[in-house]
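K.L.:
Dropping the sequence and predicted coords here.
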Amino acid sequence: MVSDRKAHFVEELRRHYRELISGAHRAESDAGEAADQIQREARRREDSKSAVEAGRMAAGHRQRRQRAKEELESLISFAAEGLRELGPRDAVGLGALVDVSIETDEGSEERTFFVLPVGAGTELHGPGGDGFVSVITPASPVGRALQGARAGDQVEVLVRGRDREWTVVDLC
């Protein structure tokens, strides 16, 4: 069932965010401890500069952790509203799983995207390791290009400075 597949991807993205938050928390703590240690042992001006740099690193990790927390909350809130199934007559929008065919110099390839409010660029593995999807947001270049498209529509997407023709194969 499609909604089970979508729920699987949402849960995988939630795990990804939890790992980001945990990693940022550890890095923040380590940098803060390093700053404190350097400050306690500072004997020269250069030592004080090192303590300030470590403090800035801790602040950067804190900001990264806070941003990840906010994005996780946004994801949870979105998923709580329900992951509706889309049909072939529906348009690409938030919550859509979109299969596209991409024309390249070597031929064509197929990719699957999940349009979510956060998580752009994250690759999620399918249930049982069955393939993967790339998360895009409506604000991302690919998300903007696909927004409103329907199965069978062709869109142009700028990739590495070159226009590529993409065809929406299916969405659900």
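P.N.:
Nice, thanks for sending it over. Numbers count the residues shown, from 1 in each chain.

K.L.:
And the residue nearest the centre of the protein?
P.N.:
residue 119 (2.0 Å; Cα atoms, centre = their mean).

K.L.:
is it fair to say that one lies in a helix?
P.N.:
No - Residue 119 is assigned coil when assessed by DSSP: H, G, I helix; E, B strand; the rest coil, not a helix.

K.L.:
Next, count neighbours for the spatially closest residue to it that is not a sequence neighbour.
P.N.:
Leaving aside its sequence neighbours, residue 119 sits nearest to residue 135 (Cβ to Cβ, 6 or more residues apart in numbering; 4.1 Å). For every residue, glycine as well, the C-beta is placed using N, CA and C. Neighbourhood size, residue 135 [other Cβ atoms under 10 Å]: 24.

K.L.:
what about residue 135, is that helix, strand or coil?
P.N.:
Classification of residue 135 by three-state DSSP places it in strand.

K.L.:
Run through the bridge partners of it.
P.N.:
residue 114 (DSSP bridges).

K.L.:
Test my guess that it contacts residue 111.
P.N.:
No - with contact taken as Cβ atoms under 8 Å, residue 135 and residue 111 are classed as non-touching, separated by 12.0 Å.

K.L.:
before we move on, the earlier item: give me every residue that touches the residue nearest to residue 119.
P.N.:
Counting by Cβ atoms under 8 Å, 6 or more residues apart in numbering, residue 135 touches 9, 13, 113-114, 116, 119-124.

K.L.:
How about residue 75?
P.N.:
Applying Cβ under 8 Å, 6+ apart, the residues near residue 75 are 10, 13-14, 17, 116-119.
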